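**Q** missing the sequence, but the structure's below:
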């Protein structure tokens, strides 16, 4: 898994004999001398050369920039997008904090240097054209300067159909799992005020723990039976969807986010956790 | 949920009295006449005005461009990144196919126009600065021209530590859940060749359906007990992680991807599915 590899990288780059990197806020970095200044803190020429080669392979535009996208490694949410130059990428490799180049201020900036809401980078990926990079990381807090979790909270369909926006309220760009989680959270919040009419299925589950737990157990059993009884693949997908939905209702009742769960999974796997722990438990 | 709102939007824009949109491949679109030509196919001035206002609110750069990111609405994978101009966004709103502006060819291009691997856009989001947009969609096939699922398959740590790359192989930028899923798939593939030593826990589960199903049921039960016995939130997150891990091993055995499961969830929710179906089932 991503994290374990980066753990090695972290050690090899971050804790060099020359200590933590401290990079000059030079301009677009087309000057080779400037370029190297950002890297001089690396311990050995070999390491400098490797990062130099990597940075040389990026297809910088005529201003020495490429697109940088910060993505939450657990939820997949796109947190923000900025531009990066050589120094920004070199700084991110060393500091593990997502760093960009501000075109308006002509300076490097590390997301969080003011707010302390850093984005802790676990992995960096380049695209096929080498002119776009992803910083996969975990945010220390809301990423957007407005206080929103991500910068993408303006939905085009709400702008085109404002009546819907009024009833739905502002909404982040969310993928399926988190959109479902938000809907369930919203149902839970609605229970705070008196309701007219028959409650939805989600609300009934939220109001009745016995019903909810019996459904979670039942759906897990049905998922297993698709394997035991050699049922069609589509049945497995459908039963797993049921397991997920009911389990997320349970998480909502306990005020636990899917993000917390995924963080547990990431940590376990980065320590070869689950496999080892379970293997030991079985032998024990 | 996202999809239902966009369904309305799709109808209101796509099936206008003037039929499907057909947008000129004009340049950067700074000319107002050119701009409007892309929108003339909309049915009413009211609708044209709304899209015009939306496009006016985007902070286009000095070349009339903004950053466009295509993201898989189900998995959260960043599929590709390109640039968009007014016409590209207008075309995407109408056609629901992710459309960009090619800087090298100075023309609009719809991803998939050659390969037929379109990205079907469900939702569009602007960032706080209004100079970056996300197309949230479902890809018809691999997005990258190389045949890779996404364009982000070049991992910086592999470039810096090539020895790891050799043992691990090429790896997409994956978030926690899909990284776990890939690891489990890899374990399954490894079972095809004779193994030395004690199999890992994942492999034991893959080899023994009885053990796997008993674990899935057990972990679901333990998850429920964190609610029933009012255990700590961290226990809930931990037990849910166990449920997910074991359930994904089961999915791997059945050759079902999490993406398939999330597609089921998205479709159900866009039809107010689960809530209604389950509510009916309970009453029936």
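**A** Thanks, I have the structure now. Just so we're clear, the structure is a prediction, and the values are computed from it rather than from any experiment.

**Q** next, count neighbours for the closest residue to residue A:98 other than its chain neighbours.
**A** Take residue A:98 and drop its neighbours on the chain: the residue closest to it by CB to CB, 6 or more residues apart in numbering or on different chains is residue A:119, 3.8 Å away. Bear in mind the C-beta positions are built from the backbone N, C-alpha and C, glycine included. Neighbours of residue A:119 under the rule other CB atoms under 10 Å in any protein chain shown: 27.

**Q** is it true that residue A:119 touches residue A:143?
**A** Yes. The criterion here is CB atoms under 8 Å, and residue A:119 meets it with residue A:143 at 6.7 Å.

**Q** what about the strands in the stretch 1-150 of chain A?
**A** A:66-72, A:78-84, A:99-102, A:107-110, A:119-126, A:132-139 (DSSP state E, counting those that start in this stretch).

**Q** determine if any part of the last one is in contact with chain B.
**A** Yes. Counting by CB under 8 Å from any CB of the partner chain, chain B is contacted by strand A:132-139 at A:132-134, A:136.

**Q** and the helix or strand that contains residue A:211, average pLDDT?
**A** Residue A:211 belongs to helix A:209-228 when assigned by DSSP states H and E. What helix A:209-228 shows for mean pLDDT is 98.

**Q** now swap in stretch A:178-192 and tell me
**A** 94.

**Q** ok, for residue A:254, nearest residue in space, not its chain neighbours?
**A** Nearest one to residue A:254, counting by CB to CB, 6+ apart, is residue B:236 at 4.5 Å.

**Q** just residue A:89 next, same as before
**A** Per CB to CB, 6+ apart, closest to residue A:89 is residue A:55, 6.3 Å.

**Q** returning to what we had before: between the helix or strand that contains the residue nearest to residue A:254 and helix A:233-253, how big is the angle?
**A** Secondary structure assignment for residue B:236, by DSSP H and E: helix B:233-253. For helix B:233-253 against helix A:233-253, the angle by axes from the mean of the first three to the mean of the last three CA atoms, to 10 degrees is 170 degrees.

**Q** who are the packing partners of the following helix or strand past helix B:233-253?
**A** Using DSSP H and E, the helix or strand that follows helix B:233-253 in sequence is helix B:258-270. If you count contacts as 3 or more CB pairs under 8 Å, 6 or more residues apart in numbering or on different chains; DSSP states H and E, helix B:258-270 packs onto helix A:176-190, helix A:233-253, helix B:2-14, helix B:176-190, helix B:233-253, helix B:273-283.

**Q** could you dump these to CSV with mean neighbour count and distance to residue B:225?
**A** What follows is these, written out as CSV (neighbours: other CB atoms under 10 Å in any protein chain shown; distance: least, CB to CB, whole Å):
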stretch, mean neighbour count, distance to residue B:225
helix A:176-190, 19, 21
helix A:233-253, 23, 11
helix B:2-14, 17, 34
helix B:176-190, 19, 24
helix B:233-253, 23, 8
helix B:273-283, 14, 23
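
**Q** out of the residues of strand A:132-139 next to chain B, who has the most neighbours?
**A** residue A:136 (29 neighbours).

**Q** for beta bridges, what are the partners of it?
**A** residue A:71, residue A:123 (DSSP bridges).

**Q** just checking, it touches residue B:175?
**A** Yes. Counting by CB under 8 Å, residue A:136 touches residue B:175, with 7.2 Å between them.

**Q** skipping adjacent residues, who's closest to residue A:68 in space?
**A** residue A:84 (3.9 Å).

**Q** got it, and residue A:53?
**A** residue B:159 (7.8 Å).

**Q** need the pLDDT of that neighbour.
**A** So residue B:159 comes in at 88 (pLDDT).

**Q** same check on the one 4 residues further on?
**A** Listed pLDDT for residue B:163 reads 59.

**Q** what's the answer for residue A:124, then?
**A** At residue A:124, pLDDT is 97.

**Q** relative to chain B, how far out is it?
**A** Separation of residue A:124 from chain B (CB to the nearest CB, to the nearest Å): 4 Å.

**Q** what's the burial count for residue A:131?
**A** For residue A:131, using other CB under 10 Å, the count is 15.

**Q** over to residue A:196?
**A** Applying other CB under 10 Å, I find that residue A:196 has 5 neighbouring residues.

**Q** assign it to helix, strand or coil.
**A** coil (DSSP: H, G, I helix; E, B strand; the rest coil).

**Q** so what's the residue nearest to residue A:98 up against?
**A** Going by CB atoms under 8 Å, 6 or more residues apart in numbering or on different chains, residue A:119 touches A:70, A:79, A:97-98, A:111-112, A:135, A:137-140, A:143.

**Q** out of those, which end up buried?
**A** A:70, A:79, A:97-98, A:111-112, A:135, A:137-139, A:143 (16 or more other CB atoms under 10 Å in any protein chain shown).

**Q** pull the number of nearby residues for residue A:62.
**A** 7.

**Q** quick check: it vs residue B:103, distance?
**A** 11 Å (CB to CB, to the nearest Å).

**Q** equivalent analysis for residue A:224, please.
**A** Following CB to CB, the distance that separates residue A:224 from residue B:103 is 52 Å.

**Q** neighbour count for these two, which is higher?
**A** Neighbours were counted for residue A:224 and for residue B:103 using other CB under 10 Å; residue A:224 has more, 25 against 14.

**Q** how about the closest residue to chain B within the stretch 51-200 of chain A: what's its closest non-neighbour residue?
**A** Per CB to the nearest CB, residue A:76 is where the stretch 51-200 of chain A lies closest to chain B, at 2.3 Å. Residue nearest to residue A:76 in three dimensions, not counting chain neighbours: residue B:76, with 2.3 Å by CB to CB, 6+ apart.

**Q** ok, now which ones touch the one you found?
**A** Residue B:76 touches A:71, A:75-77, A:175, B:175, counting by CB under 8 Å, 6+ apart.

**Q** most neighbours out of the residues you listed, which is it?
**A** Neighbour max across these (other CB under 10 Å) = residue A:71, 29 neighbours.

**Q** now the nearest residue to residue A:61 once chain neighbours are set aside: how far from residue B:150?
**A** The shortest distance from residue A:61 to any non-neighbouring residue, by CB to CB, 6+ apart, is to residue A:131 (7.0 Å). As judged by CB to CB, residue A:131 and residue B:150 stand 15 Å apart.

**Q** got it, and residue A:157?
**A** When residue A:157 is compared with residue B:150 (using CB to CB), they lie 25 Å apart.

**Q** and if you look at residue A:186?
**A** 31 Å.

**Q** now do residue A:250
**A** Taking CB to CB, one finds residue A:250 at 32 Å from residue B:150.

**Q** now residue A:92
**A** From residue A:92 to residue B:150 the distance is 20 Å (CB to CB).

**Q** and if you look at residue A:85?
**A** Taken as CB to CB, the span from residue A:85 to residue B:150 is 24 Å.

**Q** same check, this time on residue A:65
**A** 22 Å.

**Q** looking at the two, which one has more neighbours?
**A** residue B:150 (24 against 21).

**Q** and for the more buried one, nearest residue in space, chain neighbours not counted?
**A** Residue B:150's closest residue in space is residue B:79 (CB to CB, 6+ apart), at 4.9 Å.

**Q** looks like that neighbour contacts residue B:142 (just checking).
**A** No. Residue B:79 is beyond contact range of residue B:142, at 9.2 Å (criterion: CB under 8 Å).

**Q** who touches both of these two?
**A** residue B:149.

**Q** excluding its backbone neighbours, what's nearest the residue nearest the centre of chain A?
**A** Residue closest to the mean C-alpha point of chain A, counted by CA atoms, centre = their mean, is residue A:72 at 1.1 Å. Closest residue in space to residue A:72, ignoring its immediate chain neighbours: residue A:79 at 5.8 Å, by CB to CB, 6+ apart.
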